[in-house]
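In: following is a predicted model, sequence given first.
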Amino acid sequence: MRHFLRAFCGLLRMRFLCAGKPRKVKLRGKRFYLGKGCIIDVSEKGKIVLGEKTWIERYSLFGACRGIIEIGKNNFFNTNCKLVALKSIKVGDNNLFGPNVVIVDHNHKYDEAYKLICEQGYEIKPVNIGSNVWIGANVTICAGVNICNDVVVAANSVVTKNIEKSGVYAGVPAKFLKELSQSAK
């Protein structure tokens, strides 16, 4: 009964949040969960599209500032995940995101030494994450990264380059460790 009440309250939070932003937050399907303290921030020309069975745990932030965040179906975002898009973040189907995952499609520019960094703008590159991906706790995925299907990124890793081969990746920056076993695929 307790699990049912929690899921029902999360669904109500999601529906209430989206009612105020009907053109900016689109829900595909009927089953969603939004935990306590979550922020779905859509500003300017931003848009967020959530696929069916999207589960967003407590204190997570999805921010679409002029960009689009598009989430496929059956994705789980654990506590305190942060996705911020100035252009595009796309996530496939059937993925798991551990706590404290950060995904951004932009970096601050810092090339001009005579200017303050906060005045130099951003370098913006879209992020794409495939399907059947497990992103461990405290992982950061940087701008311009594409992650293919069937990938595990170990906890505390930083993904700075494309992951084009399925397998297990870890480190700062994340590097290939091993292939996934055939029984896992």
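Out: That came in fine, so what should we check first?
In: going forward, measure contacts between C-alpha atoms and count neighbours the same way
Out: OK.
In: ramachandran coordinates for residue 117?
Out: Here is the backbone geometry of residue 117 (degrees, to the nearest 10): phi -60, psi -40.
In: mind checking the SS state of the residue nearest to it when sequence neighbours are not counted?
Out: Distance criterion CA to CA, 6 or more residues apart in numbering; nearest residue to residue 117, sequence neighbours excluded, is residue 110 at 5.4 Å. Under the three-state scheme (DSSP: H, G, I helix; E, B strand; the rest coil), residue 110 adopts coil.
In: you'd agree residue 110 is up against residue 119?
Out: No: counting by CA atoms under 8 Å, residue 119 is not a contact partner of residue 110; they are 9.1 Å apart.
In: who's more crowded, the two?
Out: Using other CA atoms under 10 Å, the more surrounded residue of residue 110 and residue 119 is residue 110, with 16 against 11.
In: quick check: beta-bridge partners of residue 147?
Out: Following DSSP bridges, residue 147 is listed with bridge partners residue 129, residue 163.
In: how about the contacts made by the residue of the chain positioned farthest from its centre?
Out: If you look at how far each residue of the chain sits from its centre, by CA atoms, centre = their mean, the farthest one is residue 114, at 34.3 Å. With CA atoms under 8 Å, 6 or more residues apart in numbering as the criterion, no residue contacts residue 114.
In: helix or strand for it, which one?
Out: Per DSSP states H and E, residue 114 falls between elements, in no helix or strand.
In: who's the residue nearest in space to the middle of the chain bridged to?
Out: Compute the mean C-alpha point of the chain, and by CA atoms, centre = their mean the closest residue is residue 83, 4.6 Å away. Per DSSP bridges, the residues bridged to residue 83 are residue 62, residue 103.
In: please report how far it lies from residue 117.
Out: Distance, residue 83 to residue 117, using CA to CA, to the nearest Å: 22 Å.
In: residue 51 touches residue 33, doesn't it?
Out: No: Residue 51 lies out of contact with residue 33 (CA under 8 Å); the separation is 11.3 Å.
In: just for the protein, where's the confidence low?
Out: Residues of the chain meeting the criterion pLDDT under 70: 1-23, 182-185.
In: mind doing that once more with 80?
Out: For the chain, the stretches flagged by pLDDT under 80 are 1-24, 27, 29-30, 44, 181-185.
In: check contacts around the residue lying closest to residue 148 once chain neighbours are set aside.
Out: Computed as CA to CA, 6+ apart, the closest residue to residue 148 that is not its neighbour in sequence is residue 130, at 4.9 Å. By CA under 8 Å, 6+ apart, residue 130 lies in contact with 91, 92, 93, 146, 147, 148, 149, 150.
In: just the buried members of those?
Out: Buried subset of the contacts of residue 130 (neighbour count, 16 or more other CA atoms under 10 Å): 91, 92, 93, 146, 147, 148, 149, 150.
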